[in-house]
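1. Provided below are the primary sequence and the corresponding predicted coordinates.
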Amino acid sequence: MQQVSAIIVAAGSGSRLGSALPKAFVLLGGQTILLYSLRTLARVTAPVVELVLAVPAGTERAARVEINAAGLELPVKITAGGRERQESVRIALALTSAESELVVVHDAARPFASPELFQRCLERAEQMGAVIAAIPVADTLKRVEQSRCISSTVGRAGLWQAQTPQAFVRDLLIEAHERASQNQIVATDDADLVERIGHKVEVVEGSPLNLKITTPDDLTLAEALATRLFPR
């Protein structure tokens, strides 16, 4: 497989969690949320040659402590992230090595992504150029007006819920971010930016366990999962 640069986005403030700490440094099952993703990355068998970690400004030293705890045996660059996720990825992407053909981007807010999921995304990205983890939508979806009244029911056939990791040919992702910056496009994930420049993005089936921690309820659910998945 081609060389891989990994980006972990961990620059979220944690405000929606109601935490005084940045989200990545909130404890989950006795360790930081960030540490789960770092330890997962350490177990990925693809040739990951470096990690670029985007964290809130002022937390770089704390991030280095977590990296040491994870036992990562690869070069790590730590950078202050941006105000929005897209900016954090763009900053981190600029620090990746030009010798890497592939880049995998993962949100630290998804602590339960497996090494196997990273591997599948990277293997397909090598063939397709752009791949994301996602799961089929299981719930009935309603389009709701500002009044909180339902305006329509959205058919769920063919709808998938995007997750991370997302893996891309490095030059393709750079082009997508550069075009977005030039045209002042803001998106919630990197796949959207790649789609906008006309490149197809393939889906690799993820897992419902690969949840994103955003709210206090998410953290409560993640605590229960951490106890089940990583018993002490």
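-> That came through, no problem. It should be emphasised that the depicted structure is a prediction, and the values quoted were computed from it without experimental measurement.
2. ok, now which ones touch the nearest residue to residue 14 once chain neighbours are set aside?
-> Excluding its sequence neighbours, the residue lying closest to residue 14 (Cβ to Cβ, 6 or more residues apart in numbering) is residue 23, at 3.7 Å. For glycine as for every other residue, the C-beta is placed from the backbone atoms N, C-alpha and C. By Cβ atoms under 8 Å, 6 or more residues apart in numbering, residue 23 lies in contact with 10, 12, 13, 14, 17, 33, 108, 109, 213.
3. Kindly provide the distance from residue 23 to residue 88.
-> 12 Å (Cβ to Cβ, to the nearest Å).
4. before we move on, the earlier item: per-residue pLDDT, the residue nearest to residue 14?
-> Note for residue 23: predicted pLDDT of 95.
5. what's the helix or strand that contains residue 224 in contact with?
-> Secondary structure assignment for residue 224, by DSSP states H and E: helix 216-229. Helix 216-229 has contacts (Cβ under 8 Å, 6+ apart) with 17, 18, 26, 28, 29, 111, 112, 209, 211, 212, 213.
6. Please produce a ChimeraX select command covering the buried subset of the residues you listed.
-> In ChimeraX, this line selects whichever of the contacts of helix 216-229 come out buried by 16 or more other Cβ atoms under 10 Å:
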select :17,26,28,29,111,112,211,213
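7. Pick out the lowest-pLDDT one from the contacts of helix 216-229.
-> residue 18 (83).
8. Now do the same contact list for it.
-> residue 216.
9. count of neighbours near residue 72?
-> Residues near residue 72, counting by other Cβ atoms under 10 Å, number 18.
10. what residues are up against it?
-> 38, 41, 42, 51.
11. one step back: could you dump the contacts of residue 23 to a markdown table with secondary structure?
-> A markdown table is the format used below for the contacts of residue 23 (DSSP: H, G, I helix; E, B strand; the rest coil):
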| residue | secondary structure |
| --- | --- |
| 10 | coil |
| 12 | coil |
| 13 | coil |
| 14 | coil |
| 17 | helix |
| 33 | helix |
| 108 | coil |
| 109 | coil |
| 213 | coil |
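12. Make CSV out of the contacts of helix 216-229 and add distance to residue 133.
-> Formatted as CSV, those follow (distance: Cβ to Cβ, whole Å):
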residue, distance to residue 133
17, 23
18, 28
26, 23
28, 20
29, 22
111, 14
112, 12
209, 12
211, 12
212, 12
213, 16
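13. Just the ones of the contacts of helix 216-229 in strands?
-> Applying DSSP state E to the contacts of helix 216-229, the entries found in strands are residue 28.
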